[in-house]
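Engineer: please find the sequence and the predicted model below.
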Amino acid sequence: MIRVAVGGTFEFLHPGHRKVLARACEIAKAGEVVIGITSNRFASSKSHHVADFDVRCQQVLNFVSGFYVNVTVVQLNDALGPALSDDFDYIVVSPETFSVVVELNKKRKERCLPEIKIICVDYALAHDGKPISSSRIANGEIDVNGVPLHTPYAENNG
């Protein structure tokens, strides 16, 4: 059975998150997707307020339910979670977290564990051509769909 890992805070569940989660579900097919969602304590290190774990978890579960795959959710209290020691065939990431899983595989190798195959999903881009991210949404630059909330004209002449 194929096991796929994916993790994140999943604040705002924006198109970038949906791309990563969808790819993980597509790879798993009849296998299992283990979704690590940052705990409230771990998420409190973010530069902006993050919704409660239960809210973020429900949004993720609602989205992946349409893929009809076996899903397990775990709370992450650190950047590596169960991927440091459990068996996974694949880990799906965005370019933002690619370096984290390269380090993860180095640590797995030190523990005599097999590397996890890394699948890197390109960013979902906002209308301004920059990546959609939770921090950009929280900062009021874009909405959850990547639409800019301020125009350069309004900022310079407002």
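Structural biologist: Nice, thanks for sending it over. Numbering: from 1, shown residues only.
Engineer: so, low pLDDT: which residues of the protein?
Structural biologist: Residue ranges of the chain with pLDDT under 70: 46-47, 151-158.
Engineer: how about a cut-off of 80?
Structural biologist: The chain contains residues with pLDDT under 80 at 45-48, 150-158.
Engineer: from residue 110, how far off is residue 121?
Structural biologist: 27 Å (Cβ to Cβ, to the nearest Å). Bear in mind the C-beta positions are built from the backbone N, C-alpha and C, glycine included.
Engineer: between the two, which one's more packed in?
Structural biologist: Each of residue 121 and residue 110 has its neighbours counted (other Cβ atoms under 10 Å); residue 121 has more, 18 against 8.
Engineer: surely that one and residue 17 touch.
Structural biologist: No: in this structure residue 121 lies outside contact range of residue 17 using Cβ atoms under 8 Å: 10.2 Å.
Engineer: nearest spatial neighbour of residue 11, skipping sequence neighbours?
Structural biologist: residue 134 (4.1 Å; Cβ to Cβ, 6 or more residues apart in numbering).
Engineer: so what's that neighbour up against?
Structural biologist: Neighbour list for residue 134: 9, 11, 12, 14, 46, 48 [criterion: Cβ atoms under 8 Å, 6 or more residues apart in numbering].
Engineer: farthest pair within those?
Structural biologist: The largest distance within the contacts of residue 134, taken as Cβ to Cβ, falls between 14 and 46 and amounts to 14.6 Å.
Engineer: neighbour count: the two, which is higher?
Structural biologist: Counting neighbours by other Cβ under 10 Å for residue 14 and for residue 46 shows that residue 14 has the greater number, 22 against 14.
Engineer: for residue 134, see how far away the closest residue to residue 81 other than its chain neighbours is.
Structural biologist: Excluding its sequence neighbours, the residue lying closest to residue 81 (Cβ to Cβ, 6+ apart) is residue 36, at 4.3 Å. Look at residue 36 and residue 134: by Cβ to Cβ, they are 16 Å apart.
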